[in-house]
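Student: Provided below for reference: sequence and predicted model.
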Amino acid sequence: MIYLYLYGKLRNLASNKKVHQVHNCNNIGGIVRYLISNFPKLKSLLNSQNTKDSIAVLLNGKSLTPEELRLAYFFKGDELKLVPFIHGQGDRTGKIIAGIILIIVAVIILWLTDGTLGWEWLGTGWGMVAGAAFSAGVNLIISGLTASIMAPANYDNSLKEVALKTSYGFGNNADNLSKQGNPVPIGYGTMRVGSQVIGAGLSAANI
């Protein structure tokens, strides 16, 4: 028996159960079959071609590469943790659906107030509400479509170009520890980590 821990979206799709006691599974293939058979909602996520780039796998606290995971053999009492990576673009499909709903609401408002043919009515009362809903809906659809066709930014945490360059903008000599555009790490559980300076400021006060 091994102990399987799920985090984030994986736990939500697995009935919010954090720890699973899995029997007769000694490799990652058995774990995937266990999850899909018991929680069908996980099938599309676990069978995705980009799974290796979206889920981190830790065996007894050690992060495994895809090659190590493929060859890994699990023993009784092992702890396996599946942690989905955090992505910043959010749910693009949800934006498009929300935009369509807002446009439909705007059209219904115009129809109920007899403003379908008289667009000059948009300047007052419910017409202003319909105009705002229509505009917000169009913006959401454009935003969702734009995010769908654009590839995510490449992640590069190399410090070769920004290696500890001191900033003198505010006189506090803060060092840059990360490139612009890199994600802010999110930690699970209890850990001891170093700092990653996001921003620094200096204020003066009379003493």
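Tutor: Great, that's in hand.

Student: Sketch out the strands for this protein, chain order is fine.
Tutor: Ranges of strands in the chain, per DSSP state E, are 2-6, 19-22, 55-59, 62-63, 79-84, 166-167, 174-175.

Student: List the buried residues in whichever helix in the chain runs longest.
Tutor: The residue-count maximum for a helix in the chain (DSSP state H) belongs to helix 125-149. For helix 125-149, the neighbour count (16 or more other Cβ atoms under 10 Å) marks 127, 130-131, 133-134, 136-137, 140-141, 144, 147 as buried. No exception for glycine: its C-beta is placed from N, CA and C like everyone else's.

Student: does residue 18 really touch residue 3, like I thought?
Tutor: No: judged on Cβ atoms under 8 Å, residue 18 makes no contact with residue 3 at a distance of 10.2 Å.

Student: Quick one: the helices in this protein, in order.
Tutor: So, for the chain - with DSSP H - the helices run 8-13, 28-38, 43-46, 51-54, 66-71, 92-112, 125-149.

Student: So for residue 79, which of the ones you listed sits nearest?
Tutor: Residue 79 sits nearest to helix 28-38 of all the helices of the chain, at 12.3 Å, using Cβ to Cβ.

Student: Flag the helix or strand of this structure with the lowest per-element mean pLDDT.
Tutor: Counting by mean pLDDT, DSSP states H and E, the chain has its least confident helix or strand at strand 166-167, which shows a mean of 54.

Student: residues touching the closest residue to residue 79 other than its chain neighbours, list them.
Tutor: Closest residue in space to residue 79, ignoring its immediate chain neighbours: residue 3 at 4.9 Å, by Cβ to Cβ, 6 or more residues apart in numbering. Residue 3 sits next to 19-22, 77-80 when contact means Cβ atoms under 8 Å, 6 or more residues apart in numbering.

Student: what do you get if the cut-off is 7 Å, keeping everything else the same?
Tutor: 19, 21, 79 (Cβ atoms under 7 Å, 6 or more residues apart in numbering).

Student: Which residue is the nearest non-sequential neighbour of residue 133?
Tutor: The spatially closest residue to residue 133, leaving aside those adjacent along the chain, is residue 106, at 4.1 Å (Cβ to Cβ, 6+ apart).
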